[in-house]
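> Here is a sequence with its predicted model. Questions after.
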Amino acid sequence: MKPYADTTDSRFHGTTILAVKDKNQLVMAGDGQVTLGSTVIKHHARKVRRIYKDLILVGFAGATADALTLTEKLEEKLERYNGSLTRAAVEMAREWRTDKYLRRLEALMLAADGNTVLLISGNGDVIEPDQAAVAIGSGGVAAQAAAMALLSETDLSARQIVERAMNIAGTLCIYTNDQITIDELPIHAKNTPASPET
């Protein structure tokens, strides 16, 4: 699998996704830029979406068509496992890694419900980060570093932190712009994972 931030070939690519959680809300944002090689093709792409009855937020970085395919695959797994994000993500990552077709898809995903953020990769990884902020994509390091600093040094809300951190990433990363899509979910108590359908 090639690095998700590789923009040297002739594929379409998306860029920076950031998720931040505080005691009240979980906020996810993505910039709007899509590049083809070194050329900006689109400025207002929507890289953060709601799936599964609008209960799950998904953000993707990487080859755009591949990311959309994987988003559809995750929603299929959520339907099968009654909305259990962790179970669905694990099953999708396993299939992504082993399926002859899916393992060629190049993307990283963040998926979140009201209490959990997961990073999902084609290597079979499903990671729940320890930090309250996590980011992926070419501007991900800048966005996450800015968010972590704002979380520790200010009393800003998760949404305010996301807005400022994404703007900082946009000033540093040439593949990230300031056309930001932001969505949020309220924090809720963890439920017992639902059993798969039989």
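Ah, there it is. Numbers count the residues shown, from 1 in each chain.
> Longest helix of this protein, counting residues only.
helix 64-80 (DSSP state H).
> Which strands and helices lie in contact with that one?
strand 12-13, strand 48-51, strand 56-62, helix 85-98, strand 107-112 (3 or more C-beta pairs under 8 Å, 6 or more residues apart in numbering; DSSP states H and E). All C-beta atoms are positioned from the backbone trio N, CA, C, and that covers glycine.
> Please name whichever of the ones you listed is nearest to residue 179.
Each of those was scored for nearness to residue 179 using C-beta to C-beta, and the closest is strand 48-51 (12.1 Å).
> quick one: buried residues of that closest one?
48, 49, 51 (16 or more other C-beta atoms under 10 Å).
> Can you list the helices and strands that it packs against?
So strand 48-51, by 3+ C-beta pairs under 8 Å, 6+ apart, packs with strand 25-30, strand 56-62, helix 64-80, strand 181-186.
> rewinding a little: could you dump the helices and strands packed on helix 64-80 into CSV with mean pLDDT and distance to residue 70 added?
CSV is the format used below for these (pLDDT from 0 to 100; distance: least, C-beta to C-beta, whole Å):
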stretch, mean pLDDT, distance to residue 70
strand 12-13, 49, 14
strand 48-51, 95, 11
strand 56-62, 91, 7
helix 85-98, 91, 7
strand 107-112, 91, 6
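> I'd like these laid out as JSON lines, including distance to residue 42.
Shown next, in JSON lines, are these (distance: least, C-beta to C-beta, whole Å):
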{"stretch": "strand 12-13", "distance to residue 42": "8"}
{"stretch": "strand 48-51", "distance to residue 42": "15"}
{"stretch": "strand 56-62", "distance to residue 42": "14"}
{"stretch": "helix 85-98", "distance to residue 42": "25"}
{"stretch": "strand 107-112", "distance to residue 42": "17"}
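> Ok, which of those comes nearest residue 180?
strand 48-51 (9.2 Å).
> which residues touch the spatially closest residue to residue 110 that is not a sequence neighbour?
Spatial nearest neighbour of residue 110, excluding adjacent residues (C-beta to C-beta, 6 or more residues apart in numbering): residue 59 at 4.6 Å. Residue 59 makes contact with 17, 19, 28, 29, 30, 47, 48, 49, 109, 110, 111, 136, according to C-beta atoms under 8 Å, 6 or more residues apart in numbering.
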